[in-house]
Structure formats: structure tokens, C-alpha cells
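Trainee: what follows is a predicted protein model with its sequence.
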Amino acid sequence: MPKANKSNSAGKQAAISKFFKPVNNNKVPSSAVSSTGNGMNSEPTSLLLSQSGDKKPGSGRKKKHSSENEPSKKRTKLSQAQDDEDCISVQNKEVKDEPMEFSRARISSSTLGRLKGFSSSSSSSSSSSSVKESLSGRERGSVSQSDCSLSESLNSSITAEGSFEEMGTESKTKKQRGPSIDLNQFAAGKGRVSRESGADSSTPNRRTKSIYTPLELQFLEIKEKHKDVLLCVECGYKYRFFGEDAEVASRELNIYCYLDHNFMTASIPTHRLFVHVRRLVSKGHKVGVVKQTETTALKAVGGNKSSLFTRELTALYTKSTLVGEDVNPLLKLGDLEEAEDVVVEDAPNNYLLCICETWGSSKDRKRQELTIGMVAVQPSTGDVVFDCFQDSSSRSELEGRVLRVQPVELLLPSELSEETERLVRSIVSMSMQGDEQIRVERMESSHFGYSNAFKIVSDFYTFTAPEDAGSQRLSSIIGLERPVVCCLAGVITYLTGFNLEKVLLSTSAFRQLSNEAECMVLSATTMKNLEILQNQTDCREKGSLLWVLDHTQTPFGRRLMRKWVTQPLISAREIQTRQDAVAEILSSESSVLAPSRSLLSKLPDLERGICSIYHKKCSTQEFLLIASVLSRLEVELRSLVPAAQSQVQSALLRNLLLETPQLLAPVHRYLRVLNEKAAKTGDKTELFADLTDFPVIRERKEEIQDVLSQIQEHRREIRLILKNPSLDYVTVSGQQFLIEVKNTMMSKVPPDWVKISSTKAVGRFHTPFIAEKSRRLGQLREQLTLDCCSEWISFLHQFGEHYHTIRKAVCHLATVDCIFSLAEVAKQSNYCRPVVLEDERQIIIKNGRHPAIDVLMGEQDQYVPNSTELLGDGKRVMIITGPNMGGKSSYIRQVAVITMMAQIGSFVPADEAVVGIVDGIFTRMGASDNIYKGRSTFMEELTEASEIIQKATSRSLVILDELGRGTSTHDGIAIAYATLEYFIRDVKSLTLFVTHYPLLCELERRCPEHVGNYHMAFLLNQHESDHHKGPGSELQPEFITFLYQLTQGAAGRSYGLNVAKLAEIPEEILRKAARKSKELEGLVNAKRRYKKSFCEAWHICDSNALKDWVHFNT
């Protein structure tokens, strides 16, 4: 087969020549790659394979053998990091006494041996069909595309990651990796190579498949286990994305994406990881960080020194699980050098909310009672809330709780009812209009079955927690409702993948969200209508009640204030306790309060910091920052204890200030162990100043010191050999213990010394002893790093034992911050301390103002105050009429918000205020449809009204704004009349009813002791030309001036044309509308007169009196 041999030799020559291209375009002599024999045994080739023991002609010294663990001067550390090269670099030999350098001189003998076996396999009987195909095509005279393809495949496989060895071990690698993976499903850009040749296309060709590099195979293996995760893979000094992940990262991060071998790829620098991970997470992605878990020196002493670095998925991040060193580099304000818009800030709360449904036993789904369970956990702070409740088809209860929690991530079963799915879509859609889009994660519904859930929960609290504490915690969990247990199991399963499940161990921190025995009931509709957390204009905080009350200085104080605003108290004693603390801050001249306030300024987020420590996911810098701040707070607060005991009168403030230093006492002991300088730089090898409690680190450092002593002792021998008593080691480019010898003294250098580098004047060497000890020193140092990391985790675990104590202290500081915030609100002008009554049903406000509008208008545009008087046993219903835009809606919101502020414990914007405890505020305001829930405007009105009818009590405040306007006039009046009468006679709640239906004002006549008519005052301005026009003249629309003052009595008209004029409706339309309004008003008045006359005539029984009545009226 001479043609086959010739083809085989040419193919091998083409393959090898691609890797031995000389630098500076020097051509390799033809003798460098011989085609005799098997093509790999010629002398020049053997020169390439010469080992470090071979001597160069004219030299009696050995050159250093460069390997993966000892890079040559031509292979920089950066290139190793970028390509993850694991090949062995061999020093090139001279050919014909002329030095020749090759650009790819990184071939070991074992690699070329495998390459040789691969190339020569084509002549064996077991050769691949692709090679046979190329040979047969060559014999038929066709172009030798097979040989070119073979060479290209070799080049692709070897240059990818620079590793020849994986070609010969490809089948072996696949066997070791276990089950086969559909690799092409992840590849982007390069799939199967289609090759046209003269051979039969039906013949299988193994070389048509893409050859994956070891790094790509490693990525695919991890990706197969985490298909929904966007992976960042550590490769030296940068993190790389592959395939679709790279395209997503390129789009979201605005970075360059390009094709590399079989995948699209993109990369980011290591030091910018936290920035880009947070950006990707903020876009709703689940991001995984894959890190190298092997070091170079320790890998060299192992049995797989030439294989790829081991990598593992070390961290997962989503919106609710941003806890870890990768995403929290420092918590100190102003420490980051990047601009403010680079790092995505955390949301005030980052709750993960899990929801599940349980239906009753009825076979008819429509008649079944729906019970919903929910568990919300904030892994970054340790907050856990739960609830279990029955809900209607509108899912109003669920919506209210979701709005109160404001989660950033929802954990849902794969199957939910259609009504709940519609609500979820609506909530997610609304979140897209704001700053944060809610991320939705689905789990199989089987995870939420009670039997499976109970097993997960019991195993978690039995085996994870200590025996005594575990049984106690399990008993408290078993007492929860079944839907809550099912949700808790789902949360445990989900957080276990992030290694954050420990936050659920402390069941004492669990709190029920809707505890009606402690907090006021606020529905989702009420929170929206009253703009409690965000305004309705652009869904931002400005203009909301939270915006008015939040003057906190700390992040954890801000989160607590949010809870206070959404959960007003219903205990008069607790409300008065807060009011006493606020009042003392306003009036006291104590030397304690001002220093306490100043301590809170510019504090980092201690709550999230200690939780990060508890999860063992913090850096040394973060720990030092948190521990230092806590220690400083403990010292300074302890110095205020004597003064606080004697000067502070408020029981709440005094207890908080006295107890906090005691809770922070354990921190100082852990801070004393650390080396502050090492902690700031992140050097864990020097982190612990006192090694008494760290024997492993002490022993490892002693071994390192012993090796260093041996190297220093060896210096004496070197001085004797070189006859230089002042010789010392030098360090160049990170290479330690170099012996620098002038070129004039080269004759004294022993032949077994290894030359590391040289200049025109000197040469630098390592003795065999130093080379061996340097390797040993590197191994010990890397082992020390691992030991220090292990001890660091143990250290964090010990600190975490005090987590609940320290967290309680941080909660005390948050409470103090909130009290100071309410005091800042009370300092504003015309604020008063409201009187809160436990058993009285009344709201009396003198000259009250809406707090948000009052602040927004400022001093230039004075807000018009209004008074309110609602008495449970007296006039408890106010029917409010008046012109459009007259201030009716602002007034009723003002009453509700002032009531909430009083029960939060704040001072209120009024001259005087007396508020009886209200158990809930229910509102029906505005008019809009709900597409996601499939409701029209009128259906939305009646649904909200129905929920209020079902939930309101005699101690509730009910606000109904223009009920019935979404349908015809007659139907609207009928519904509004019947509803209002029901609240007057049956519910007996304190009610504010805004309407434009004059007929409803008649209820005052029917129930004068409980109902009062009011209207917003105005001035009617007649058009000047109206006084000079005759009866047939064109009518002009009336113009009114709003006074925004609540006045007793009903308004005769709504003056809608005035609003039309303000909206700049064309004059012609306004004139026609005014004429038509006059006609309709005349007809209505005529009908009323006829009705009144008929009623009067009907009651006249005497014929003479009837004649007189007819004569008088005609």
C-alpha cells in the first residue's frame, strides 16, 4: 500500500507542522520532520524530545526542565490562567548548531507518544473509518480533504487548552465520566462538521464530530447537573461563560462574546465578579460560581499532575439569596471605589416567599374551601414569617400578604389554581413597573405533599440541630398548620442548594404575619389606595406614608420601620409606650440621647453582616468591619449605662440602652484573636495573632520555618563554592532564592545547577537542593492556606453560636433608630400627640392635614386643614358630596392615614386628635379594570365592596369612594344606597362615604342620630356675560373656586363641567354640554316636583281641600 503510506506520512507531517512553526517565520528544515519509518523517529524529532539530563554541546550544565508547576520564562502566569494549560514545556535543542525557537514548544514525550500512536493508527486494521475514507478517496484521485480535516482536527483538539494528552485519552476520559452527555445541546457555534468528499456519505465518519476540550467537557458535566443556572467558571485570573450562558452574559453585562473552539465564550476579571454577579441576579438570573478547587503545588505531588484542574460549583445566587463573599465584598459605606451606578444595591427586603394551596374535602371544586399556606424567609437577615388563611376566588387575602412582604422571589408548586396563577402574573407584571422584577421559581408539586413535607421537616430539625434543641424545635414546627409545613419543606429543600438552610433552625424567630390579635388589618387594596409604601403615580416611595415617617439612619432600622408602617398596633399600652419614648426625646435634655443618636449614623448593615457570618459566607474584611463596629458600640453604650439609669424616664428607651451592651459583650473576645492588618488584606495565613487555639496552623508554620532555615543554612555552602562570603539570595519576578552569578564567574558554577534566567551581566541559578526545597516550600504554603481556610470556617462557626444574642442586640438598635425617626417627624410644626383609647369607638381630629401632601406642598402652598368627628354611639357615618376636584378623596385619605399614624405610635399632623383603637381599615376607592384577574371596572368595585362587607366590624374604619359609578345611574344608586344602609344599621362601623348621588343624602333624614351630610365648600362664579343675556341666549358653563373646606350639608350639584373646563375641553363642546345639562336638570326637577305634588295630593282626603290645593298649584 505505497499510496496509503504516503498519505499517512503526509497527513502526519501536516498535523505536526502546525504545532512546530518557528518564531520569526524561520522555516523548519525538512529534516526536522522526517517521513521515514513511522514518521516520528528521526534525529531532529528526538532532539525535541530530549530530557533535562541531555547535555548541550559545549556546555557542562543542565538546563531547568520546565513543567506545568514550574513555568518557563516564555510562558507567563497570565497565559496559564487564560487557557488553563496543563501541558509540559520542553526546552528546544539546536539543529545543526543553530538555535531555533518554536512558538509551541510545549510538548512532552508522553504527549508525542500518544500523538504518534494516533497518527500511526490509520495503517492498522482497527483504524477509524474516517481515515479509510480519506485513503480511498485519495486512490480515486480526489482531493485529500480527509488529510486536511485530520490535521485540522488535531490542531483544534490540541490547541484547545493546549493539551495534546486528552486526544489519546479521549475514550478513557469518557469512560471515567460515567453516563454519556448530549454535548451538542450546549455547544454554540460549532456543531457537527459536515464534510463533502468522494466517499459514500452514508459511511459513518467519527472525525466529523467536534472534539471538546477538557475544560469544555468539565463545563458540560457541571452544566448537565445545573441546567437552569448561568455558570461563571474560574479560569485563573478571570471567570468565563460558555455557550448560551456567554450570550446571555454578553447581552446583560454589555461585554464581548466570541467563538472559541466549540462554544461562544465571554469573560470578566476576577476582581469584578461581585459586580457582574449582582447585575445578572438583578436581571432575574440564577447565577452559579464555579471555582478551581486544586492548587498548582499540591497538584504536582498528586497522581494526576498532568490533568485538568478540578472545579466545583461553590456558590449559587438569586435575588433572595445574595449572601456570600463573592457578592458582599465590603459592607462599609463608601468603601467601594466603583461609581454608585455600577453596583446594584440590595432591595430593602429580599424575601423568598413560598406559597401552596390546600383544598377542602368537597368533590365540587367551586364549593371547596381553599386554604393557603405561606412561608417567607429573608436569608440575608434571618427573618422568617409564616401564615395560613382561607381565601376567596379574588385571592384578596393572598394579595394583601404578598404586598406586605414584598418578596423579590416566589417559590411556587408547578401546579396552582387558575385564580392564583392570575394573581401571580399580575404581581409580577406590577413589579416590572417598579425597580425590582419578582423572580419566579417552580418546584414539582410532589415536594409539597404533606407526607413528603413532614419527612423533610422532621429530618431537618432532628439531624441538623442538636438533640435537645432539635426535638424542641420539631415539636413547635409540628404544631403549625399543614399548608405551612408543606411550604416550610419547600423552602428547606430550595435553600439547601444554596447552603443557607441554617437560617430556619431558630424556630423562636418565626412570627405569624397576620396576627390580628396584635396588629391592625390592612388589605392590599387599602395599602394601595392610602399609598402606604409607594405612591400610585410612579410606584416609588416618595409621597407615601413610609416616606413621611422614615428618617432612620441604619439599613436595619429602615427595615423595621417598614414593618411598623404595615403593622400598626392595636394595643393601647404598647402604643403609649412608643409615644412616651418619642415624647422624651423631644423634651428631655439628657446627656444620653444625643450620643446614642450619633452612634447610629453611618453604621453598616449589621443585621445582614452577622447573618453572613452565621452562614459562614463572609470575608475577613467583612468580619473585621462588623466585629469592630459591634465592639465599638458595646464600649460606647456601656459608658452611657450610668447616665441612662438615672436620666432616661421612658421604660422602652431605658431597657434598650441598658440591655444592648450586655448582648454585645462576646464580640470583643473574637476580635482580639485577629491580626487587623492581615484581616484588612484578606491574608488568612497571618489572620490569627495568637495561635494557641490553632495548633494545626502553628505546626504548619513551624514546618515552613524549618524549610526556610535549611535554605538559609545552605547559603553557606554556596558561598564556599563561589568563594563569595557576602553572597545572598535574590528574588526576581516572584522567583525566590535565586543565586546571582556574574558572567565572569561562570566557570565556578557546578554543572548540576539549574539556570533559571539571565541578563547580559549575570546568570541566575538554583541548586538541586534549593529546587527541591522550593517545591516543598510551595507545597507547605499552599497546605497552610488550606488549613487556614478550614480554621477560618471553624472560627466563624464559633462566632455563629452567639448569632441569636447579637441579632437581638441589633434589633434593639433598630428599635432605637425607629423611635428617633418618629421623633424627627414629631418635631415638625403643628404635630400633636394623639390620645389613644382602648375601648372607645371614635375618631376626633381637629384641623388635621394629610402628612404626605402637607410635606410635598411645603410652606409656600399651605394645606387647608379639616376636622373630623366620628362617634361610635353618635354620628358614625359621614356622607360627603361636593364638586369634582374639590378635595373629597384627599380628605378621607387624611382621616385614615392619621388614624394609622396614631396606632403606629407617631405624633400626627393636627391640633388635637383622639383615636379609639381601630382593628382594621378597609377602603374602596378609584375605578380601574383588572385585566390579569379578568375583571371589569364595575366588577372590581363590587368585589372590593363584597370583601369589606365580609370583614369589617363595628371597630373598623370603612371608606367607600363613589361606589356604584361603574354602571348605570339607577343600578349604581341602588347598590350604593343598599350598601351604605347595611353599614349604618348592621355593621355599625365608622364610615366615610363619598358620592355624587344626591338621593343617598336622604339617609340623614332617615337616621339622623348616626348619619351626617357634608360637602367640600366652593364659590360659584357666574360668567360676566350671563347677566346681560336674554332667555334664548347661549348658556356658558359655570366656573367655581374650590375652598377645600369640609362643611355641613349636602351639595346640590357636582359641577362636572367646571372640571371639563379645567381640562381645556373646547368651548363649543362646553356650551353644548351646559345647555344639555340645563335641560336634563330641568326635567329631573320637574319630575321631582310632580312626585312631590302627587304625594301631597294623595294624602288629602277632603274634596274641598283637594279643590283648594289644585287651585293653589295651578
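Mentor: Looks like it arrived, so ask away.
Trainee: the stretch 651-800 of the chain: helices as residue ranges?
Mentor: 651-663, 667-673, 676-681, 695-722, 768-800 (DSSP state H, counting those that start in this stretch).
Trainee: could you do the stretch 401-550 of the chain as well?
Mentor: Along the stretch 401-550 of the chain, counting by DSSP H, counting those that start in this stretch, helices occupy 418-433, 450-459, 467-478, 482-496, 524-529, 545-549.
Trainee: any idea how far residue 711 is from residue 632?
Mentor: With distances taken as Cβ to Cβ, to the nearest Å, residue 632 is found 44 Å from residue 711. C-betas here are computed from N, CA, C, even on glycine.
Trainee: which one's more surrounded, these two?
Mentor: A side-by-side neighbour count of residue 632 and residue 711, using other Cβ atoms under 10 Å, places residue 711 first with 19 against 16.
Trainee: and the residue lying closest to that one once chain neighbours are set aside, how many neighbours?
Mentor: In space, and not counting its chain neighbours, residue 711 is closest to residue 773: 5.3 Å by Cβ to Cβ, 6 or more residues apart in numbering. Neighbours of residue 773 under the rule other Cβ under 10 Å: 18.
Trainee: same question, residue 787
Mentor: For residue 787, the count of nearby residues is 18 (other Cβ under 10 Å).
Trainee: out of the helices of the stretch 401-550 of the chain, which gets nearest to residue 840?
Mentor: Closest to residue 840 of the helices of the stretch 401-550 of the chain is helix 524-529 (Cβ to Cβ; 22.3 Å).
Trainee: tell me the mean pLDDT over the closest one?
Mentor: What helix 524-529 shows for mean pLDDT is 90.
Trainee: what's it packed up against?
Mentor: Contacts defined by 3 or more Cβ pairs under 8 Å, 6 or more residues apart in numbering; DSSP states H and E place helix 524-529 against helix 396-405, strand 920-924.
Trainee: I'd like those as a markdown table, with mean neighbour count, mean pLDDT and distance to residue 417 appended.
Mentor: Output for those, formatted as a markdown table (neighbours: other Cβ atoms under 10 Å; pLDDT from 0 to 100; distance: least, Cβ to Cβ, whole Å):
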| stretch | mean neighbour count | mean pLDDT | distance to residue 417 |
| --- | --- | --- | --- |
| helix 396-405 | 22 | 89 | 11 |
| strand 920-924 | 25 | 93 | 25 |
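Trainee: wait, doesn't residue 1097 sit right on residue 1106?
Mentor: Yes - assessed by Cβ atoms under 8 Å, residue 1097 is found in contact with residue 1106 at 6.8 Å.
Trainee: switch the helices of the stretch 651-800 of the chain over to CSV; also include mean pLDDT.
Mentor: What follows is the helices of the stretch 651-800 of the chain, written out as CSV (pLDDT from 0 to 100):
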stretch, mean pLDDT
helix 651-663, 95
helix 667-673, 92
helix 676-681, 91
helix 695-722, 93
helix 768-800, 93
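Trainee: now, of those, which is deepest in the fold?
Mentor: Of all those, helix 651-663 has the most neighbours on average by mean count of other Cβ atoms under 10 Å, namely a mean of 19.
Trainee: quick one: distance of it to the chain centre.
Mentor: On the basis of Cα atoms, centre = their mean, to the nearest Å, helix 651-663 sits 33 Å off its chain's mean C-alpha point.
Trainee: torsion angles phi and psi at residue 498?
Mentor: Main-chain torsions, residue 498, degrees, to the nearest 10: phi -100, psi 0.
Trainee: just give the nearest non-adjacent residue to residue 403, would you?
Mentor: Nearest one to residue 403, counting by Cβ to Cβ, 6+ apart, is residue 524 at 4.4 Å.
Trainee: that neighbour: what's it in contact with?
Mentor: 396, 399-400, 402-404 (Cβ atoms under 8 Å, 6 or more residues apart in numbering).
Trainee: rewinding a little: residue 450: which of the helices of the stretch 651-800 of the chain is closest?
Mentor: Ranking the helices of the stretch 651-800 of the chain by proximity to residue 450 (Cβ to Cβ) places helix 768-800 first, at 32.0 Å.
Trainee: how much does the closest one deviate in direction from helix 695-722?
Mentor: Relative orientation of helix 768-800 versus helix 695-722 (axes from the mean of the first three to the mean of the last three Cα atoms, to 10 degrees): 160 degrees.
Trainee: what about the next helix or strand after helix 768-800, distance to the chain center?
Mentor: Using DSSP states H and E, the helix or strand that follows helix 768-800 in sequence is helix 803-826. Computed by Cα atoms, centre = their mean, the chain-centroid distance of helix 803-826 equals 24 Å.
Trainee: thinking residue 1011 is in contact with residue 875, fair?
Mentor: Yes - contact criterion Cβ under 8 Å: residue 1011 and residue 875 qualify, at 6.7 Å.
Trainee: so which of these two has more stuff around it?
Mentor: residue 1011 (23 against 17).
Trainee: and that one, what are its bridge partners?
Mentor: residue 877 (DSSP bridges).
Trainee: identify the residues contacting it.
Mentor: 875, 877, 879, 984, 1003-1004.
Trainee: surely residue 270 and residue 239 touch.
Mentor: Yes - contact criterion Cβ under 8 Å: residue 270 and residue 239 qualify, at 6.4 Å.
Trainee: now do the SS call for residue 862.
Mentor: Using DSSP: H, G, I helix; E, B strand; the rest coil, the structure places residue 862 in coil.
Trainee: how about stretch 602-615: buried residues?
Mentor: Across stretch 602-615, burial judged by 16 or more other Cβ atoms under 10 Å covers 603-615.
Trainee: for it, the averaged confidence score.
Mentor: Mean predicted confidence for stretch 602-615 is 91.
Trainee: pLDDT below threshold where in the stretch 751-900 of the chain?
Mentor: Confidence mapping of the stretch 751-900 of the chain against pLDDT under 70 gives the ranges 859-861.
Trainee: next, count neighbours for residue 314.
Mentor: Count around residue 314 with other Cβ under 10 Å applied: 15.
Trainee: name the nearest residue to it, ignoring sequence neighbours.
Mentor: Nearest residue to residue 314 in three dimensions, chain neighbours excluded: residue 291, at 4.7 Å (Cβ to Cβ, 6+ apart).
Trainee: who's in contact with the one you found?
Mentor: 234, 311-312, 314.
Trainee: would it count as being in a strand?
Mentor: Yes - applying three-state DSSP, one finds residue 291 inside a strand.
Trainee: follow-up on the earlier one: wait, which of the helices of the stretch 651-800 of the chain is closest to residue 989?
Mentor: helix 651-663 (31.8 Å).
Trainee: the closest one vs helix 803-826, what angle?
Mentor: Computed by the same axes, to 10 degrees, the angle between helix 651-663 and helix 803-826 is 150 degrees.
Trainee: surely residue 752 meets residue 770?
Mentor: No - in this structure, residue 752 is not within contact of residue 770 by Cβ under 8 Å, at 11.6 Å.
Trainee: any shared contact partners between the two?
Mentor: Counting by Cβ under 8 Å, 6+ apart, nothing touches both residue 752 and residue 770.
Trainee: pretty sure residue 607 belongs to a helix, no?
Mentor: Yes - applying three-state DSSP, one finds residue 607 inside a helix.
Trainee: can you pull the contacts of it?
Mentor: Residue 607 touches 381-382, 555-556, 559, 807, 810, 814, counting by Cβ under 8 Å, 6+ apart.
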